[in-house]
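J.: need the 3D shape of this:
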Amino acid sequence: MIYKNYIKQKARELIWERAIKLLTENREKSTLIYPKIMYYYWEHIISKYSNILKFDLSKLTESSLESFLKVRESKISSKSSKELKVLYLCGPEPENDIECLLNLGVIPENIWAIEKDPEIFKYAYSSIKYLYPNIKILQEKIENILSTLRTKFDIIYLDFTAPFFSKRQKPFRALHQILIQNSLEDLSVLITNFSELDKKEEYINLLTHYFYHQNLIESGIIEITEGEITEGPIIYGLETDHFRKLIHDNLERAYSAFLTHYPIYFSCRILPAINIFSNKSLFKLLIDKNAYKKAIKKISNISYINATCAKNLDLTGGEKFLQPENFWFEFFIDEIEKIEDLNFWRSQFSQKISEKGLYISIKEAVSIINLIRMFVEGYHDVINSQIRKRILETQENVLGQYVFCDIAFPHLWIELIINQLGHPYHANIEKHFRFSYRAKERKMFVDMFLFDKCRYFYDWIPTVFLLPEMMLDVEKQLVTRIVIDIISKHYRYVLPEVFWGAALIGMNEKQWANFKTLSKREFLSISVKGNNIYNDQIYFLEILKLAKTQAIRVRDIMQNKVKIFKDLGEKHTWFGSAWIKIIDKNNPYGKFGILFRKLKIKDEVGWEYDSKTGFLRICNFYDGHEFLVYKAAYETACSILQRAGIKCKLIEILD
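T.: Model (predicted):
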C-alpha cells in the first residue's frame with residue numbers, strides 16, 4: 001500500500017543528504033586519518049618526548065609524514081556527487097529515493113535499484129521505466145549479484161522491511177556478501193534499516209549470548225541510560241540467566257546495540273580473517289598448521305590450567321576460559337550450538353562461505369584470528385617460523401618502550417600484517433549516525449556506517465618481510481604508530497581488541513586524542529500541520545494525485561522523444577487512445593465511486609471517472625494523437641494505482 005509517509009520521507013532525505021555530504025564536501029575529514037590530527041600527534045611527540053628519549057626529535061625532517069600524507073591524498077581524492085555510485089534496495093516505489101538522489105546531484109547512470117520479489121519488481125519497474133530509463137534496475141537478491149557486478153559503490157543502502165534476524169529475507173547474508181565481495185569503495189557509506197523485533201525466546205537467546213562475554217557493552221542493555229558504555233555482564237558478576245532477563249526487559253536497547261555493533265565487528269575482525277585464511281597460500285605463509293592444531297586444542301581445554309599449576313613449566317593453556325572477553329564471539333557461537341532452537345543460526349556461522357571461493361566458516365576464521373592474538377601469551381609457534389622471525393625483529397626495533405602511554409607488544413605488528421593483506425573496513429565511530437522512527441506499523445532502526453579501509457596507510461607500509469627495516473627509520477616508525485593509535489582510539493569502547501595497547505598518548509592527555517564514542521540513537525519524529533492522522537481517504541486522495549503527476553511527467557518526456565523520432569523521419573509512432581479501467585470497485589480504501597465523489601477527485605485532482613464502465617481518465621488529457629505517449633502516461637499511472645492495492649488495468653486502442 002502506497003501513501004504519503006512523511007516520517008519515512010524525512011528519514012530518506014536525512015540519510016541521503018548526510019551520506020553524500022560525508023563523501024563529497026566533508027570528504028577530507030571523513031577518513032579516520034587526516035592531516036590535522038597527524039600534525040597534532042607529531043608536534044606533541046616532538047615537544048614532549050625528546051628529553052625522555054635522549055634524542056632530539058626536532059631533528060626529524062617530517063619527510064616520512066609528508067610522504068604518507070601524499071599517499072593519502074592520492075587515494076582519497078575529491079569527489080563530486082555526480083561521481084558517486086549508489087546501490088539500494090528499492091521496493092515497489094524506487095522513484096522516492098531516485099528523486100532524492102537526483103536532487104542531490106547523483107546522476108541516474110550511477111544509480112542501481114535492486115528488488116528480489118517478482119511482483120514488487122513489476123511495480124517498481126513499471127513506475128520508473130519512462131521517467132528514469134537510465135537507472136539500472138535488477139530483479140535479484142543483492143547477495144547474488146555482487147560477485148557478478150564487480151562494481152564498487154560509494155553508498156549502499158540496505159532498506160529492509162524485516163528484522164535483522166529474519167530467516168525469510170536473510171538481511172545478514174546481504175550484509176556479509178557486501179563486505180566479503182569488497183563491494184564498497186575504500187571510503188564509503190553503508191546504510192542499514194531494519195524493523196523492530198518481536199519478543200521471541202530465539203532473539204532473546206541470541207542477544208544474550210552475543211553480549212554476555214564482551215568486555216564493554218552499551219549501558220542501555222543493562223541500565224536505564226542509553227548511548228553510553230559500561231563494563232560487560234561477567235565483570236558485573238551477572239549470571240547468564242540474570243543477564244537474559246535484562247535482555248528480555250531491555251530487548252529494544254539490546255537489539256539497537258547489536259545492529260550497530262555486529263556490522264562493525266564483522267567488517268573489522270571477521271572480514272580480514274576470512275579474506276586471508278580462506279586462501280591456502282596465505283594460510284601457509286602465516287600459520288604453522290601443526291602448531292595451530294595443537295594450540296586450538298590447548299587454548300580451549302580447561303584441563304591445561306590444572307596441568308600448568310602442577311608442573312609449573314608451561315604457562316599456556318585454557319586461555320579461552322581464563323580470558324573469556326578475548327574470545328567473546330567464539331563463546332557466542334559455542335553457546336548457540338547448545339540450543340536446539342538456534343540450529344539455523346549455528347549453521348550460518350559454522351557453514352563454509354563459498355560464494356567467493358572462500359571455503360572457510362565464520363567460526364573458523366574467528367578462532368584463527370583470536371589464536372594469533374595470543375602470540376604475546378606464549379603461542380609463538382602458531383606463526384610460521386619465517387614470519388615469526390620478522391615479527392620478533394620488528395619488536396626489537398620499537399622506539400621508546402616504557403615512555404609512551406602503552407608498551408607496544410608484537411601482536412600489533414601481527415595485526416598490521418592481517419589488515420594489510422585482509423582488507424578490513426574500519427568504521428569511523430566518531431561520525432557514526434543512527435536513529436529510529438515509527439513507520440506505519442513498526443519501529444525501524446537506521447545505522448549509517450562511514451567506512452574507511454585506510455588503504456593509504458596499509459599500502460604505505462612495507463610487507464612483513466621489510467617491517468623490521470622500516471622500524472629502524474624513526475620517522476616512519478612514528479608515523480606508523482601514530483596511525484594505529486588513532487585507529488585504536490576509534491574502537492576503544494566498541495571493539496577494544498582492535499590494536500589493543502597501541503596508545504602513544506593516554507586518555508584525557510589531549511582532548512583531540514581522546515577515545516571516540518558512539519552517538520545515542522535518536523528517535524526521529526515529525527510535526528505535520530493540521531490533522532496528523534492519515535486515514536484511508538487521505539491515502540486514496542494522495543495516490544490519485546501522485547498517479548496524475550507522474551502521468552503528466554511521462555507524457556511530457558515521451559512527447560519530446562517522439563518528436564525527435566518524427567523529425568528524423570522515423571516511423572515509431574501511431575495514433576490511438578489509452579485509459580485506465582477500474583476492475584474491482586471495492587479497494588482497500590472503500591468503494592471507488594463513492595470515494596471519488598465524496599472527495600471531489602474531479603475538481604480537487606483532475607481525474608474523470610465513469611462509474612458504469614469503470615473508465616478512469618485524466619481531465620483535459622488529450623489521448624487521440626500519439627499513442628505511445630499516452631500509453632506510457634497511463635501505464636505509469638496504472639502501475640501506481642495497482643501497487644497501492646487498487647485493482648485496475650490499462651486499456652489501449654489503436655486508431
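J.: buried ones in the lengthiest helix in the chain?
T.: For the chain, the longest helix by residue count, based on DSSP state H, is helix 536-567. Residues of helix 536-567 classed as buried by neighbour count (16 or more other CB atoms under 10 Å): 539-548, 550-552, 554-555, 557-559, 561-562. For glycine as for every other residue, the C-beta is placed from the backbone atoms N, C-alpha and C.
J.: dump the one helix or strand Arg597 maps to to PDB, restricted to CA.
T.: Per DSSP states H and E: Arg597 is located in helix 592-598. Listed next in PDB are the C-alpha coordinates belonging to helix 592-598 (Å, rounded to 0.1, in the frame of the first residue of the first chain):
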ATOM      1  CA  PHE A 592     -14.100   3.700  -5.600                       C
ATOM      2  CA  GLY A 593     -17.000   5.600  -7.000                       C
ATOM      3  CA  ILE A 594     -18.300   6.700  -3.600                       C
ATOM      4  CA  LEU A 595     -14.800   8.000  -2.500                       C
ATOM      5  CA  PHE A 596     -14.300   9.600  -5.900                       C
ATOM      6  CA  ARG A 597     -17.500  11.700  -5.500                       C
ATOM      7  CA  LYS A 598     -17.100  12.300  -1.700                       C
END
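J.: which secondary structure elements does the helix or strand containing Ser436 sit against?
T.: Using DSSP H and E, Ser436 falls within strand 433-438. Contacts defined by 3 or more CB pairs under 8 Å, 6 or more residues apart in numbering; DSSP states H and E place strand 433-438 against helix 6-23, helix 251-265, strand 443-452, strand 522-524.
J.: ends of stretch 261-278, how far apart?
T.: Using CA to CA, to the nearest Å, one end of stretch 261-278 lies 24 Å from the other.
J.: what does the strand holding Ser436 contact?
T.: 7-8, 10-11, 14, 18, 256, 259-260, 443-448, 450, 518-519, 521-525 (CB atoms under 8 Å, 6 or more residues apart in numbering).
J.: swap in stretch 108-120?
T.: 82-92, 94, 97-98, 101-102, 121, 124, 128, 132, 134-142, 145, 151, 153.
J.: same thing but at 6 Å, please
T.: Stretch 108-120 has contacts (CB atoms under 6 Å, 6 or more residues apart in numbering) with 85-87, 89-90, 92, 94, 101, 121, 124, 132, 134-138, 141-142.
J.: how long is it from one end to the other?
T.: First residue to last in stretch 108-120 (CA to CA) measures 21 Å.
J.: please apply the same query to stretch 586-593.
T.: End to end - CA to CA - stretch 586-593 spans 9 Å.
J.: what comes up buried for that stretch?
T.: Applying 16+ other CB under 10 Å to stretch 586-593 flags Asn587, Tyr589, Gly590, Phe592 as buried.
J.: please apply the same query to stretch 452-466.
T.: Applying 16+ other CB under 10 Å to stretch 452-466 flags Asp452, Lys453, Cys454, Arg455, Tyr456, Phe457, Tyr458, Trp460, Ile461, Val464 as buried.
J.: so Gly501 lies in a strand, does it not?
T.: No - read with DSSP: H, G, I helix; E, B strand; the rest coil, Gly501 is coil and lies in no strand.
J.: out of the contacts of stretch 108-120, which end up buried?
T.: 85-87, 89-90, 92, 94, 101, 121, 124, 132, 135, 137-138, 141-142.
J.: can you pull the contacts of Val106?
T.: Ser81, Leu84, Val86.
J.: pLDDT weak spots in the stretch 1-150 of the chain?
T.: Within the stretch 1-150 of the chain, the ranges that satisfy pLDDT under 70 run 1-4, 52-56.
J.: quick one: the strands in it?
T.: 86-89, 111-115, 136-139 (DSSP state E, counting those that start in this stretch).
J.: closest to Met470 out of those strands?
T.: Comparing those by their distance to Met470 (CB to CB), the top pick is strand 86-89, with 38.0 Å.
J.: which residues touch the closest one?
T.: Asp97, Val106, Ile111, Trp112, Ile114, Phe153, Ile155, Ile156, Tyr157, Asp159.
J.: most neighbours out of the residues you listed, which is it?
T.: Ile156 (28 neighbours; other CB atoms under 10 Å).
J.: give me phi/psi at it?
T.: Per-residue torsions, Ile156: phi -120, psi 130 (degrees, to the nearest 10).
J.: quick check: the spatially closest residue to it that is not a sequence neighbour vs Glu330, distance?
T.: Of all residues not flanking Ile156 in the chain, Leu87 sits nearest, at 4.9 Å (CB to CB, 6 or more residues apart in numbering). To Glu330, Leu87 is 33 Å away according to CB to CB, to the nearest Å.
J.: same deal with Glu202?
T.: The value you get for Glu202 to Glu330, if CB to CB is used, is 21 Å.
J.: how about Ser50?
T.: Distance from Ser50 to Glu330, by CB to CB: 44 Å.
J.: repeat that for Asn508.
T.: 33 Å.
J.: and these two? which has more neighbours close in?
T.: In this view Asn508 and Glu330 are compared by other CB under 10 Å, and Glu330 has more residues nearby, 19 against 9.
J.: can you tell me the closest non-neighbouring residue to Ile178?
T.: Ile156 (5.9 Å).
J.: could you verify my assumption that the one you found touches Leu190?
T.: Yes - using CB atoms under 6 Å, Ile156 makes contact with Leu190 at a distance of 5.4 Å.
J.: sorry, back to before: which one of the buried ones among the contacts of stretch 108-120 is nearest Leu641?
T.: Nearest member of the buried ones among the contacts of stretch 108-120 to Leu641, counting by CB to CB, is Pro92, at 12.1 Å.
J.: where's the closest one relative to Gly645, distance?
T.: Distance from Pro92 to Gly645, by CB to CB: 11 Å.
J.: secondary structure element for the closest residue to Phe457 other than its chain neighbours?
T.: In space, and not counting its chain neighbours, Phe457 is closest to Val483: 5.1 Å by CB to CB, 6+ apart. According to DSSP H and E, Val483 maps onto helix 474-491.
J.: got the angle for that helix vs helix 251-265?
T.: Helix 474-491 runs at 160 degrees relative to helix 251-265, counting by axes from the mean of the first three to the mean of the last three CA atoms, to 10 degrees.
J.: which helices and strands sit right next to helix 474-491?
T.: helix 63-75 (3 or more CB pairs under 6 Å, 6 or more residues apart in numbering; DSSP states H and E).
J.: next, the angle helix 474-491 makes with the helix it packs on.
T.: Using the same axes, to 10 degrees: helix 63-75 against helix 474-491 is 50 degrees.
J.: okay, buried residues for helix 63-75 please.
T.: Ser64, Leu65, Phe68, Leu69, Arg72, Lys75.
J.: what is the burial count for the nearest residue to the first one once chain neighbours are set aside?
T.: So that's Ser64. Nearest residue to Ser64, sequence neighbours excluded (CB to CB, 6+ apart): Glu475, at 3.6 Å. When neighbours are counted by other CB under 10 Å, Glu475 registers 18.
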